[in-house]
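Novice: following is a predicted model, sequence given first.
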Amino acid sequence: MRDVYVAGIGITTFTRLEYPLTEIASYASMMALKDAGLTEVDQIYVANMGSPRVNHQTALASAVADSLSLLPAGAAAIENGPASGAAAIKAGFQAVASGMDDVVLVAGVERMREVNNLEATDFVATLTHPLTEYIYGVTLPSHAAMFARLYMEKYGVTERHLAMVGVKNQNAALNNEWAHLQQEISMEGILDSPEAMTNNPYVAEPLRFFDACPVSDGGAAIILVSKEKAQELGRPMIRLSGIGQATDTHAVFEREEPTDLLAVRKAAEDAYAMSGLSPDDIDVAELHDAFTILEIAESEEVGFFPKGEGHIALEKGETALGGRIPINVGGGLKGRGHPVGATGVAQAWEIVTQLRGDGGKRQVEGARTGLTLNFGGFGNNVVCLTFVRED
Amino acid sequence: MSVDLEKILRPVDHEMAPYEPKYMMLASGEAVVVRQVFRDEIPDLLKHVEPLIHVERDFYDVVAARVYAELLGYYQYRFQDQYVLALQVDGELAAIVNGRQVTPTLGLSLHTLALRRGLRIGAHGFAAKMEYHIDTLGHDEVLIVAESPIGFRRWMIEYKLEKRFHIPHELGGVPSWALTRELFDRARSKLVVGRRPVPPELLNKAMEKILPPSDPPTPPLDPLAATRSMYDPTATSLVQQRWEMEKGMENA
Ligand SMILES: CC(C)(COP(=O)(O)OP(=O)(O)OC[C@H]1O[C@@H](n2cnc3c(N)ncnc32)[C@H](O)[C@@H]1OP(=O)(O)O)[C@@H](O)C(=O)NCCC(=O)NCCS
């Protein structure tokens, strides 16, 4: 298997974007191509979850190939729920590692603000089990709420811990010009003041408004290349060193212990094994905090902290910028936004930015290794990636 | 015989009790002051509403155009029984809400316009104006419509408004919804917040000057973009583009 490097990255602002879907993907891709100094690619993968339903558009990858004049490159779209982005990166990795292609463009894109929030929530809920979950009105917020309730009872996590993740990540987004939310929040305003319950109402108890990521549009792209090509292009040598992907039961009730995210654990283990890294080696991480509870649980499952102790590390500031293992320093999904198909690619974009030392105010000093965790379904399809700076 | 036409054109406002200012803490930890604004301060509001007429997203354009007209109508005595509340953070204008009294028992909500996003400032402003209708003016119900999906979520869904579809609302003649006193009482504990009296330094800062919003909503980068959107096909960008073209032709 050949080594695979990231030679270029690009992103659009995550917000409500009034561009057509193809243009959002193309814009991020163009930035990535420019960053890499390339005008041609062998292969294109476009990650997206909802375009047939939300935007009435299919075959996105062909559209992107043409809109960027990258013809006759091979092109395919990849739909893997909210883990579409990292799944597309995995496909791109396989194409380069196998020797089939030298240069692969991976773009992730979603335009979910085209419909209202109720429809957007419903569209994401279509990833749940159709017969045992969806028809009973289960949505992702309700899944996360039930998970949070169990977690609180079992491990002593409180609403204060959840709010701490929300404040940490939303305020981190202020250091990320591409992030959707550019509004500072405070513990007092969302938890402690007499107005807090109105400012931050329950969305699905015990989760409140500021425990959830916003509904966003956006695109992100990265260019994966072979080692020879990376050296030729002369960009910082950042290797995509590990990939793990794992699945779990579709219906959450079938899990023996619903507070265990086994697919997260397995995906991380596989990524570490492939890269020869351990959790202690990771300098900066992007976890999938679609809901605040997920950052806490995932930080344990990827091995940063023992099970049930993620919230204690959070309390001590270990996951903040300057802490032992900074998590979501660019805002995470909570602050940067969560255009579902783009998220996995945006996480890689952030880690590469960090490993290049381009993080500005949110830079993790001396970061040389990074990890991303892209969480699909309610934990039933998870992709973990590790990146290493080599030069 | 001379006729003072102005006397005929100018509606006679009924006496309406003033709104007692209040303040509350926002999610950001900042304090927002809600207070009534009278005629003399309307020009200060107008200059911050006008730019929003060109913001073609979330129906800011339609709402801002209407608010502009309503405020101007109030300023020039061409609108009966209107009131205006302003929300200010550190003096900065954060939202405007307005409405009017139809009869001593019936209120009508005109608009809610948030100039800063992400802090429920609009929702707080709406709650304050419902408080004004029900508690201060003693209205039994308030007729309401929504122009935007977020407005619909904030009013119709959050307050569980009742339908009054047989009553065309003054805003475009569309079917009305209503907030009754009973619905308001039910929503009170969850949706209506605020502390009184406002500490003098906070109130003075707000009264001193209406400062411009520091982060107002801005137009989309691509003026044609929203017209390509399936579900939000507003058309002001097309109008604007045509003006630009015409200007170009004039200059040629
Ligand atoms: C309707 C309106 C008054 C509501 O204002 P509001 O109650 O202050 O609403 P907010 O700004 O708090 O809510 C939306 C914002 O919440 C923030 N938000 C959304 N999800 C979030 C989350 N999970 N976490 C944190 N912030 C979030 C976003 O910033 C979002 O803004 P965006 O749509 O630009 O991304 C306001 O949107 C407005 O003035 N719209 C234009 C005029 C209009 O439609 N008036 C009403 C006519 S009926």
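Specialist: Happy to help now that I have it.
Novice: taking chain A, what residue is nearest to the ligand?
Specialist: A:P214 (3.4 Å; Cβ to the nearest ligand atom). Bear in mind the C-beta positions are built from the backbone N, C-alpha and C, glycine included.
Novice: quick one, phi psi at that residue?
Specialist: phi -80, psi 170 (degrees, to the nearest 10).
Novice: in contact with it, which residues?
Specialist: Each residue near A:P214 by Cβ atoms under 8 Å, 6 or more residues apart in numbering or on different chains is listed here: A:H180, A:L181, A:G337, A:H338.
Novice: confirm A:A246 sits in a helix?
Specialist: No - counting by DSSP: H, G, I helix; E, B strand; the rest coil, A:A246 is not part of a helix but strand.
Novice: I'd say B:L45 and B:A94 touch.
Specialist: No - using Cβ atoms under 8 Å, B:L45 is not in contact with B:A94, being 11.9 Å away.
Novice: comparing those two, which shows the higher neighbour count?
Specialist: B:A94 (28 against 22; other Cβ atoms under 10 Å in any protein chain shown).
Novice: gap between the more buried one and chain A?
Specialist: 12 Å (Cβ to the nearest Cβ, to the nearest Å).
Novice: in the helix or strand hosting that residue, what's buried?
Specialist: According to DSSP states H and E, B:A94 maps onto strand B:92-103. Buried residues in strand B:92-103, counted by 16 or more other Cβ atoms under 10 Å in any protein chain shown: B:E92, B:L93, B:A94, B:A95, B:I96, B:V97, B:N98, B:G99, B:R100, B:Q101.
Novice: is that strand up against the ligand anywhere?
Specialist: No - residues of strand B:92-103 contacting the ligand under Cβ under 6 Å from any ligand atom: none, with a closest distance of 6.8 Å.
Novice: report the angle between the helix or strand that that strand is followed by and strand B:92-103.
Specialist: Going down the chain from strand B:92-103, the next helix or strand is strand B:106-114, by DSSP H and E. Computed by axes from the mean of the first three to the mean of the last three Cα atoms, to 10 degrees, the angle separating strand B:106-114 from strand B:92-103 equals 160 degrees.
Novice: so who does residue 190 touch?
Specialist: Since you didn't name a chain, this refers to chain A. Here A:I190 is in contact with A:A163, A:G166, A:V167, A:A196, A:N199, A:N200, A:R208, A:F210, B:A27 (Cβ under 8 Å, 6+ apart).
Novice: not what I meant, chain B
Specialist: Taking Cβ under 8 Å, 6+ apart, one finds A:M197, A:T198, A:P201 in contact with B:K190.
Novice: listing request: residues of chain B with sub-threshold pLDDT.
Specialist: Where chain B drops to pLDDT under 70, the residues are B:1, B:221-242, B:252.
Novice: can you list the residues of it near the ligand?
Specialist: B:58-60, B:63, B:112-114, B:117-123, B:146-148, B:150-151, B:154.
Novice: and the strands in the stretch 101-250 of chain A?
Specialist: For the stretch 101-250 of chain A, the strands defined by DSSP state E, counting those that start in this stretch occupy A:103-111, A:202-204, A:207-208, A:217-226, A:238-247.
Novice: most tightly packed of those?
Specialist: Highest mean neighbour count of the strands of the stretch 101-250 of chain A: strand A:103-111, a mean of 32 (counted as mean count of other Cβ atoms under 10 Å in any protein chain shown).
Novice: on the C-terminal side of the one helix or strand A:I24 maps to, identify the next helix or strand.
Specialist: Following DSSP H and E, one finds A:I24 within helix A:21-36. Once the chain leaves helix A:21-36, the next helix or strand it forms, by DSSP H and E, is strand A:43-47.
Novice: tell me the angle of that next one relative to strand A:103-111?
Specialist: Using the same axes, to 10 degrees, strand A:43-47 lies at 20 degrees relative to strand A:103-111.
Novice: please name every helix or strand in contact with strand A:43-47.
Specialist: helix A:60-67, strand A:74-78, helix A:84-97, strand A:103-111, helix A:340-355 (3 or more Cβ pairs under 8 Å, 6 or more residues apart in numbering or on different chains; DSSP states H and E).
Novice: which of these sits closest to chain B?
Specialist: strand A:103-111 (8.9 Å; Cβ to the nearest Cβ).
Novice: residues contacting the nearest residue to A:A91 once chain neighbours are set aside?
Specialist: Take A:A91 and drop its neighbours on the chain: the residue closest to it by Cβ to Cβ, 6 or more residues apart in numbering or on different chains is A:Y45, 5.1 Å away. Contact analysis of A:Y45 by Cβ under 8 Å, 6+ apart lists A:61, A:75-78, A:88-89, A:91-92, A:104-107.
Novice: do the same with A:I24
Specialist: A:T12, A:L17, A:V109, A:R111, A:D217, A:G218, A:G219.
Novice: which bits of the stretch 151-300 of chain A sit near the ligand?
Specialist: A:L181, A:F210, A:A212, A:C213, A:P214.
Novice: could I get the contacting residues of the second one?
Specialist: Read that as A:F210. A:A163, A:G166, A:V167, A:Q170, A:I185, A:I190, A:N200, B:A27.
Novice: which stretches in chain B count as helices?
Specialist: For chain B, the helices defined by DSSP state H cover B:5-9, B:42-49, B:60-75, B:121-131, B:149-152, B:181-191, B:200-208, B:236-251.
Novice: could I get the first one in CSV with only the CA atoms?
Specialist: C-alpha atoms of helix B:5-9 as CSV (Å, rounded to 0.1, in the frame of the first residue of the first chain):
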residue,chain,number,x,y,z
LEU,B,5,-56.5,69.0,5.3
GLU,B,6,-53.8,67.8,7.6
LYS,B,7,-56.4,67.5,10.4
ILE,B,8,-58.4,65.2,8.2
LEU,B,9,-55.5,63.1,7.1
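Novice: which helices and strands sit right next to it?
Specialist: Here helix B:5-9 touches no other helix or strand, going by 3+ Cβ pairs under 8 Å, 6+ apart.
Novice: pull the distance from that helix to the chain's centre.
Specialist: Relative to its chain's centre, helix B:5-9 lies at 28 Å (Cα atoms, centre = their mean, to the nearest Å).
Novice: cool, the second one as well?
Specialist: Going by Cα atoms, centre = their mean, the spacing between the C-alpha centre of helix B:42-49 and its chain's C-alpha centre is 12 Å.
Novice: neighbouring contacts of it?
Specialist: In contact with helix B:42-49 (Cβ under 8 Å, 6+ apart) are residues B:37, B:64, B:67-68, B:71-72, B:74-75, B:84, B:86, B:93, B:96, B:113, B:115, B:209-210, B:212-213, B:216.
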